[in-house]
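**Q** fold the stuff below for me.
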Amino acid sequence: MHKNKNVGIGILGALIGLVWLFPFYMILTNSFKTPKGIFASVLSLPNPFTDVNYGDSFKALNFISSLTNSLIITVCSVLLIILCSSMAAYALQRNKSKLSGYLLLLFISAMLIPFQSVMIPLTANFGGVHMLNMYGLMFMYLGFDCSLSIFLYQGTLSSIPIAMDEAAEMEGASRWQIFHKVIFPMLSPMTVTVAILNIIAIWNDYLLPSLVLPQIQYTIPLQMFNFFGEYTKQWHLALAGITLSIIPVILFYLVAQKWIIKGVTDGAVK
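**A** Sure thing, here's the model as predicted:
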């Protein structure tokens, strides 16, 4: 009976795995087809096989420029979010005043505000400050994504005893040294989680960059919109572009795999 149960779980896991892999199969196989081949059958293997789509998509996306813009915006935004949200969560969690409680509630409440209700005012001119560029976009991501990150960090900080701070303070450490050298390294599992959540969201974001960025600073998702016109949809180029756009994310996972797994296991041990 136990053996049959394991076999059933294995079959179910294999089916779930196939369902998860199916979209990747569709994207990859159809990116090597001609437009006629895609409309003939989206499920079959490429026949005829062509790799011209990738060269055309690379040029149409202005891939080097849009990749650079995406990397700058994503990396800088995530670093700002991690730095600011971890410090804010530390200050709010260690300060037990009513004001800190109200501020934490305010940050949590901000997660309930839909982005669509504030996206138009973002394009306004704030007292002569020009926000419609990648630097303004990073600032907006910091504002929108800090609430969830602070909430996550605050939950982890509540499990770290304040005795750690007191012991470091007795050794002569300043408040900044306590956070930087003692507390922040202990937050590494949550930092990995916060980084992954924000990297995926910011890298794939289309709506906010479309409102803020000038064409010279377009990211990959914005450039891909060029494949979908009013009368034509260039699916062969779009699918090749999607494949190109997910390669950096896969490379990030392969490079950071050791730290991601370490963060998950450290979190499980704690």
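
**Q** going by C-alpha atoms from here, please, whenever you check contacts or count neighbours.
**A** Fine.

**Q** quick check: the spatially closest residue to residue 46 that is not a sequence neighbour vs residue 83, distance?
**A** Once flanking residues are discounted, residue 46 sits nearest to residue 33: 5.2 Å by CA to CA, 6 or more residues apart in numbering. According to CA to CA, to the nearest Å, residue 33 and residue 83 sit 45 Å apart.

**Q** wait, a helix at the residue nearest to residue 46?
**A** No: applying DSSP: H, G, I helix; E, B strand; the rest coil, one finds residue 33 to be coil, outside a helix.

**Q** do I have it right that it meets residue 52?
**A** No: the criterion here is CA atoms under 8 Å, and residue 33 misses it with residue 52 at 9.2 Å.

**Q** which one's more surrounded, those two?
**A** residue 33 (28 against 16; other CA atoms under 10 Å).

**Q** helices of the stretch 151-270 of the chain, start to end?
**A** Using DSSP state H, counting those that start in this stretch, the helices found in the stretch 151-270 of the chain span residues 163-170, 175-177, 184-186, 188-203, 207-212, 220-224, 235-269.

**Q** the ones you listed: lowest mean pLDDT?
**A** Lowest mean pLDDT within the helices of the stretch 151-270 of the chain: helix 235-269, at a mean of 73.

**Q** and residue 133, what does it touch?
**A** By CA atoms under 8 Å, 6 or more residues apart in numbering, residue 133 lies in contact with 212, 213, 214, 217.

**Q** which regions of the stretch 1-150 of the chain lie under the pLDDT threshold?
**A** 1-5, 124-129 (pLDDT under 70).

**Q** how about the helices of it, start to end?
**A** Counting by DSSP H, counting those that start in this stretch, the helices of the stretch 1-150 of the chain are 2-30, 35-40, 52-60, 63-94, 98-110, 134-157.

**Q** turn these into a markdown table, including distance to residue 170.
**A** Formatted as a markdown table, these follow (distance: least, CA to CA, whole Å):
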| stretch | distance to residue 170 |
| --- | --- |
| helix 2-30 | 52 |
| helix 35-40 | 69 |
| helix 52-60 | 58 |
| helix 63-94 | 17 |
| helix 98-110 | 25 |
| helix 134-157 | 20 |
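
**Q** compare the ones you listed and give me the one nearest residue 123.
**A** Closest to residue 123 of the helices of the stretch 1-150 of the chain, according to CA to CA: helix 134-157, at 10.1 Å.

**Q** how far off centre is that closest one?
**A** 12 Å (CA atoms, centre = their mean, to the nearest Å).

**Q** great, nothing more from me.
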